[in-house]
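Participant: predicted structure and sequence below. I'll ask about it afterward.
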Amino acid sequence: PSHLQAKASSELFAPSNIALCKYWGKRDRSFNLPVNASLSVSLDYLGTHTRLTPIDAEVDEVWLNGQQLLPSAKFSQKVSAFIDLFRRQQDLYFRVETRNNIPTAAGLASSASGFAALTLALNDALGLDLEPQLLSVLARHGSGSACRSVFDGFVEWRMGQREDGLDSHGIALDAEWPDLCIGLAKVDAGEKAVDSRSGMQRTVETAHLYQSWPLQAAADLEKLHQAIARQDFELLGQTAEQNALSMHATMIASWPPLLYWQPESVAAMQTVWTLRRHGVPVYFTMDAGPNLKLLFEQQCRDEVLRHFPDLETVEPFGSR
Ligand code: 2P0
């Protein structure tokens, strides 16, 4: 529309997501276009609630988890720059209240659910009624992984080929996995030293090992599709774990080196491997942080919880 009008208030939710085949590296930094396709599972009720209220002001007012941020804060600036994509030079400012029910900046992908929820809220507030794929394209501009959080369940982010990025968005897979459980093994919930955005740039620019990453990711994506089609949990878990470790290998091979692991991360990996040696099918994946995300099925829940008593568990297909 030539002149936008906003609803009195809009509140929308988007789930966090965990990639089984990771997004690591951009072919275009200004549009968040990825080097490789990725595949994730959305985390049901864990994610971000975002409320938009139009305000009579000349700058957006950004609140994060109940606290108002300064307009100069990095998060406020990212949010305002994103709203600019919709605002197009018109005087239209919002109070943006964003609440995460997941630890912020702990490698638990709050930027993914945050920008997805903001996109859905803007679509509602401005009455745009956009198609899900276009919402995913828009969310991607805020944060690459946000394009996957526009959907529930398993989501593939097709990398696309176009320079304008209109074909680079999430697609929901027509598949479920009712017994699938994800456990969040928190090693450290503090802010990380190097965010994903600069971490992936450093890897692309300095790690020779990164050259093998697109091949690894393409092969893993194929295996994950097979695993999901056959409901083959071992194939799903093995592929996700190897994919995560391959991504971390490229980070470690960067300069200056990027090692997100802490001693407790390695101890948790060893616990997972010991469990597997004892016949318990449990696997892990990790993002740009020290925490592990465990993958297992409902029938192993008690055994896994015995070894990870503080585990927060989510069933991605639980409430369907
Ligand atoms: C993923 N990560 O696929 C990978 C694995 C982190 C490790 O997507 O620069 O916050 O905003 O596009 O989306 C986190 O990267 O990066 C991420 P930007 P984003 O989940």
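Facilitator: Done, it's in. Residues are numbered from 1 along each chain as shown.

Participant: contacts and neighbour counts: CA atoms only from here.
Facilitator: Noted.

Participant: dump the residue contacts of T285.
Facilitator: Listed by C-alpha atoms under 8 Å, 6 or more residues apart in numbering, the contact set of T285 reads L20, A240, E241, A244, L245, L292, K293, L294, L295.

Participant: return the residues of the stretch 201-320 of the chain in contact with the ligand.
Facilitator: Within the stretch 201-320 of the chain, the residues that sit near the ligand (C-alpha under 6 Å from any ligand atom) are D287, A288.

Participant: out of the contacts of T285, which sit inside helices?
Facilitator: Counted as lying in helices by DSSP state H, out of the contacts of T285, are A240, E241, A244, L245.

Participant: mind putting these into TSV with neighbour count and pLDDT?
Facilitator: Formatted as TSV, these follow (neighbours: other C-alpha atoms under 10 Å; pLDDT from 0 to 100):
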residue	neighbour count	pLDDT
A240	27	99
E241	22	99
A244	20	98
L245	15	98
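
Participant: which neighbouring elements make contact with the longest strand along the chain?
Facilitator: Counting residues, the longest strand found in the chain (DSSP state E) is strand 38-55. In terms of contacts (3 or more C-alpha pairs under 8 Å, 6 or more residues apart in numbering; DSSP states H and E), strand 38-55 is packed against strand 10-21, strand 93-100, helix 110-125, strand 154-158, helix 213-230.

Participant: which residue sits closest to A253, ignoring its sequence neighbours?
Facilitator: Of all residues not flanking A253 in the chain, A207 sits nearest, at 5.4 Å (C-alpha to C-alpha, 6 or more residues apart in numbering).

Participant: next one: L224
Facilitator: Once flanking residues are discounted, L224 sits nearest to L236: 5.7 Å by C-alpha to C-alpha, 6+ apart.

Participant: Three-state assignment for the one you found, please.
Facilitator: Assigned with DSSP: H, G, I helix; E, B strand; the rest coil, L236 falls in the helix class.

Participant: residue contacts, it?
Facilitator: By C-alpha under 8 Å, 6+ apart, the contact set of L236 is K223, L224, A227, I228.
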